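Trainee: sequence and predicted model, in that order:
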Amino acid sequence: MHTAHVKKFLLASKSSSRYILLKNAGLTFQTAIPNCDEGRIKAQFLKSKISIKNLAKHLATEKAMSVSNKTNSLVVGSDTIIIFQNTLINKAKNLSQAKSKLKKLSGKKHKIISAVSVCHKEKQIWSAQQESTITLRKLSPNQIDHYLKKTGKEILSSVGCYQAEKLGPQIIKSIKGDFFNVLGFPLFPFLSFLYNREK
């Protein structure tokens with residue numbers, strides 16, 4: 001089945017990388033900004049006894065649900081988290097924090113978990129998540145400074161501060177797992193969901 005036959009949906013996200021990824025896949029959709037406090041949701045989740053690996057899926061669902069109550073359309077939410085040494089790594093707020101993060105991840109492995117959740121009329125009807133392992137090259141402080149100088153503040157939109165779809169390969173040693181997952185969206189499972197729904 002061709003993507004042209006797939007119904008439109010709302011993407012509950014302000015992420016430009018997810019927008020571009022789905023557009024490049026030939027999908028037709030509109031965007032809506034999710035209305036949820038991610039910081040509060042994360043804090044509450046981390047206090048629970050639920051595995052941290054489920055956080056991305058939980059946030060994806062919260063984003064989709066915050067838009068689903070305002071429309072009859074399918075609403076798609078997505079989220080990406082990084083786990084390093086069993087600890088959640090948050091987005092850097094400035095280039096100084098980005099440098100500290102890259103210094104911490106330098107030469108080591110970390111996991112990226114991306115999730116997608118689909119809601120309709122305030123009910124979750126489908127979800128999926130994938131896990132990939134990234135290993136960064138061993139970087140000197142000068143190499144990190146040079147990299148961040150080239151990327152600028154745009155790098156702050158990336159949870160890992162490397163943007164695999166752009167200059168990231170300069171500092172990434174290897175990727176084990178689905179590349180689209182590293183970009184922040186489990187694309188293949190989502191496409192399978194859409195196509196199966198259209199049958």
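Mentor: Nice, I can see it.
Trainee: against residue 167, how distant is residue 132?
Mentor: From residue 132 over to residue 167 the distance is 18 Å, taken as Cβ to Cβ, to the nearest Å. Every C-beta, even on glycine, is put in place using the N, C-alpha and C of the backbone.
Trainee: one more: residue 13?
Mentor: 22 Å.
Trainee: neighbour-wise, which of those two wins?
Mentor: For residue 13 versus residue 167, the count of surrounding residues by other Cβ atoms under 10 Å is larger for residue 13: 24 against 15.
Trainee: list the contacts for the nearest residue to the more buried one once chain neighbours are set aside?
Mentor: Spatial nearest neighbour of residue 13, chain neighbours left out: residue 78 (5.9 Å); criterion: Cβ to Cβ, 6 or more residues apart in numbering. Counting by Cβ atoms under 8 Å, 6 or more residues apart in numbering, residue 78 makes contact with 11, 13, 15, 18, 60, 63, 114, 115, 116, 117, 184, 185.
Trainee: inside helices: which ones of the residues you listed?
Mentor: The members of the contacts of residue 78 that map onto helices under DSSP state H are 18, 60, 63.
Trainee: mind putting these in JSON lines, pLDDT and distance to residue 139 included?
Mentor: Formatted as JSON lines, the ones in helices among the contacts of residue 78 follow (pLDDT from 0 to 100; distance: Cβ to Cβ, whole Å):
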{"residue": "18", "pLDDT": "94", "distance to residue 139": "27"}
{"residue": "60", "pLDDT": "96", "distance to residue 139": "31"}
{"residue": "63", "pLDDT": "96", "distance to residue 139": "33"}
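Trainee: neighbour-wise, give me the winner out of these.
Mentor: Ranking the ones in helices among the contacts of residue 78 using other Cβ under 10 Å puts residue 60 first, with 30 neighbours.
Trainee: quick one: the nearest residue to residue 14 once chain neighbours are set aside from residue 8, how far?
Mentor: Using Cβ to Cβ, 6+ apart and skipping the chain neighbours, the partner closest in space to residue 14 is residue 33 (5.3 Å). Per Cβ to Cβ, residue 33 is found 18 Å from residue 8.
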